[in-house]
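Student: Below: sequence and its predicted model.
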Amino acid sequence: MSLTHLVQTHSIDTQRVAPFTGEGAYHGSTNKRAVAASAALPPVVEEMRPSTLDGYRLDDPRPIRDFEATFSNLYVVERELALPTQEEVRDDGVTFCWCPFEEAATLAGPLTARVLEAMREHLVGDKRYVYVDSKIQYFEPGDVPVDSQHWHVDGSIVARGKVVEALGHALLHDMKARLASGVAPPRYLAYQSSDHCATVFATSPVTLTLPELIPNFNGLDAAIRELSPPFALQPASTIVRTDGLSLHRAQAATGAGWRLWVRAVETDRETVVSSSIIDCYGTVFRMREP
Ligand SMILES: [Fe+2]
């Protein structure tokens, strides 16, 4: 059985639904589920090295320092494709989880194949790996595509280990390393077939004071909501370009219907999926009745 692609007949009756908790995973980011999927940790590449942690020592515990963080918030609508019908989305059949791009292009259903061929023209090609994630989901109004609506960035640099534990955490996102390393962050191309559950993207640079290591995105989310930067909702059937410094968040569906989401990531970090997380990848998250 493949762990990186899933052939499935989608129907409203079989759409997986879970209660929304707000504590869950982001699209393919370095969260608990994605990390649990890796049997052996790949070698650390510069793009993903938590270099800020070098400034903290086990024998010299100190509080986590703040720094001035600037998110460049790259957001470019690269392509607009023909709007698919709801049936085309529902019946596309194959979804992906960290699937190598060329393999995904071979296996994809007709709509996803067209999306990937369009994306191919926009790949930069300076990273070692290109992976594809995708979901086919049916939303009722109010459903959320992931179990969080927090502002966040994808592909954050995650640190673990004894020093992190000495700081009181199991995991820390090294925000400063991503912003200050000088290494190009992971690059993303993302497609959404419709706009009834559009991702919200910040569209101009944002500077704020942030702890250089953060255990989750709660504080960043609160700060961005306070700053209320200009934003865009991804238009229907478009491919947008972002990178690891692009703030964005999911929002609840405004109407009922099917949506295909496809994302290609260009990264230096190898990801080998070793457990079946793709089965629950297309789950939608529903608010409790008030
Ligand atoms: Fe995300």
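Tutor: Alright, I've got the coordinates. Computed from a prediction, not measured in an experiment: that's the story for all the values here.

Student: Near E121, how many other residues are there?
Tutor: Residue neighbour count, defined by other Cβ atoms under 10 Å, stands at 10 for E121. Any C-beta I mention is one placed from the backbone N, CA and C, and that applies to glycine too.

Student: Contacts only, for it.
Tutor: The contact partners of E121, by Cβ atoms under 8 Å, 6 or more residues apart in numbering, come to none.

Student: Would you mind measuring from it to the ion?
Tutor: Going from E121 to the ion by Cβ to the ion, to the nearest Å gives 23 Å.

Student: tally of neighbours for the residue in the stretch 51-200 of the chain that the ion sits nearest to?
Tutor: Going by Cβ to the ion, the ion is nearest to D154 of the stretch 51-200 of the chain, at 4.3 Å. D154 has 21 neighbours, counted by other Cβ under 10 Å.

Student: which residues pair with the closest residue to Y75 other than its chain neighbours across the strands?
Tutor: Nearest non-adjacent residue to Y75, counting by Cβ to Cβ, 6 or more residues apart in numbering: F201, 4.4 Å away. Bridge pairing for F201 (DSSP bridges) gives the partners A232, H248.

Student: My read is that F201 contacts S246, right?
Tutor: Yes. At 6.4 Å, F201 and S246 qualify as touching, with contact defined as Cβ atoms under 8 Å.

Student: what's the overlap in contacts for these two?
Tutor: Contact criterion Cβ under 8 Å, 6+ apart; residues shared by F201 and S246: N73, Y75.

Student: Alpha carbons only: can I get stretch 255-271 in PDB?
Tutor: Once non-C-alpha atoms are left out, stretch 255-271 reads as follows in PDB (Å, rounded to 0.1, in the frame of the first residue of the first chain):
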ATOM      1  CA  GLY A 255     -20.900  27.600   1.600                       C
ATOM      2  CA  ALA A 256     -21.400  23.900   0.800                       C
ATOM      3  CA  GLY A 257     -19.400  22.100  -1.800                       C
ATOM      4  CA  TRP A 258     -16.400  20.200  -2.900                       C
ATOM      5  CA  ARG A 259     -12.800  21.600  -3.000                       C
ATOM      6  CA  LEU A 260      -9.600  20.300  -4.400                       C
ATOM      7  CA  TRP A 261      -6.500  21.700  -2.700                       C
ATOM      8  CA  VAL A 262      -3.000  20.900  -4.200                       C
ATOM      9  CA  ARG A 263       0.300  22.100  -2.900                       C
ATOM     10  CA  ALA A 264       3.800  21.600  -4.300                       C
ATOM     11  CA  VAL A 265       6.700  22.400  -2.000                       C
ATOM     12  CA  GLU A 266      10.300  22.900  -3.200                       C
ATOM     13  CA  THR A 267      12.600  22.100  -0.300                       C
ATOM     14  CA  ASP A 268      16.100  20.800   0.500                       C
ATOM     15  CA  ARG A 269      14.700  18.500   3.200                       C
ATOM     16  CA  GLU A 270      13.900  14.900   2.300                       C
ATOM     17  CA  THR A 271      10.600  13.600   3.700                       C
END
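
Student: Mind listing what's buried along that stretch?
Tutor: The neighbour-count check on stretch 255-271 (16 or more other Cβ atoms under 10 Å) flags 257-269, 271 as buried.

Student: swap in stretch 44-56?
Tutor: E47, M48, R49, P50, S51, T52, L53, Y56.

Student: Quick check: which ranges of the stretch 51-200 of the chain have low pLDDT?
Tutor: 61 (pLDDT under 70).

Student: any chance you could map the helices in it?
Tutor: 86-90, 101-107, 110-120, 162-166, 175-180 (DSSP state H, counting those that start in this stretch).
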